[in-house]
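In: Generate coordinates for the sequence data below:
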Amino acid sequence: MTPTMPIVVSATSPTSAEAKDVSLRYYEDIVGRYHGRPASCEETLDAQAGYPSDDLVAPLGLLLLARQGATVLGCAGMRVRPGDIGEVTRVFVEPAARGKGVGRLLMKELERKSRELGLDALRLDTRTDLVEARSLYASLGYVEGAPHNTDPYANHWFRKELA
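Out: Residues are numbered from 1 along each chain as shown. Predicted coordinates for the structure are as follows:
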């Protein structure tokens, strides 16, 4: 019996091949879930073009990947916003890795890195159909509140104080 390799979470460039690949899978997943069917290539690329990630780099943000060996299991990003707030984005776990704590590991590391940057709070938005995401955020202490943006695909807005 071979021992299971640990899951490692680390920062990466949003322009790396791994980041581009997982970003594409993220958009395939959320677009497909939104429509209730597999997303077309055009729909996926259109969605991705509407939400660029080139600013997910220090000092304005960061992008984390969770890996097990050479396999990317998921990602999470954060943008620094005025008022020492971080805005969480691009939280995604590959379907085969769901239910194994990968999302929790990503979010905990995002919180740790955000504290290192001196941020006071994290906020995020999500959709009603992303039930697992809403459950994860609530379990981590994120509190649902008033909208902080006008994203037409957002239905729920969460915030967590980091102090």
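
In: use CA for all of it now, contacts and neighbours both
Out: Fine.

In: just checking, next helix/strand downstream of the longest strand seen in the chain?
Out: Of all segments of type strand in the chain, defined using DSSP state E, the longest is strand 71-81. Using DSSP states H and E, the helix or strand that follows strand 71-81 in sequence is strand 85-93.

In: and that following strand, what does it pack onto?
Out: Under the contact criterion of 3 or more CA pairs under 8 Å, 6 or more residues apart in numbering; DSSP states H and E, strand 85-93 touches helix 17-35, strand 71-81, helix 102-116, strand 121-126.

In: what's the first one in contact with?
Out: This means helix 17-35. Residues from elsewhere that reach helix 17-35 (CA atoms under 8 Å, 6 or more residues apart in numbering): 12-14, 38-41, 43-45, 47-48, 65, 72, 74-75, 90, 92, 94, 129.

In: Same check on the second one?
Out: Applying CA under 8 Å, 6+ apart, the external contacts of strand 71-81 come out as 18-19, 22, 55-56, 59-67, 86-94, 97, 102-103, 106-107, 110.

In: Which of the residues in that strand are classified as buried?
Out: If you call a residue buried by 16 or more other CA atoms under 10 Å, then strand 71-81 has these buried ones: Val72, Leu73, Gly74, Cys75, Ala76, Gly77, Met78, Arg79, Val80.

In: tell me the mean pLDDT for stretch 17-24?
Out: Average pLDDT, stretch 17-24: 96.

In: Fine by me, we can end here.
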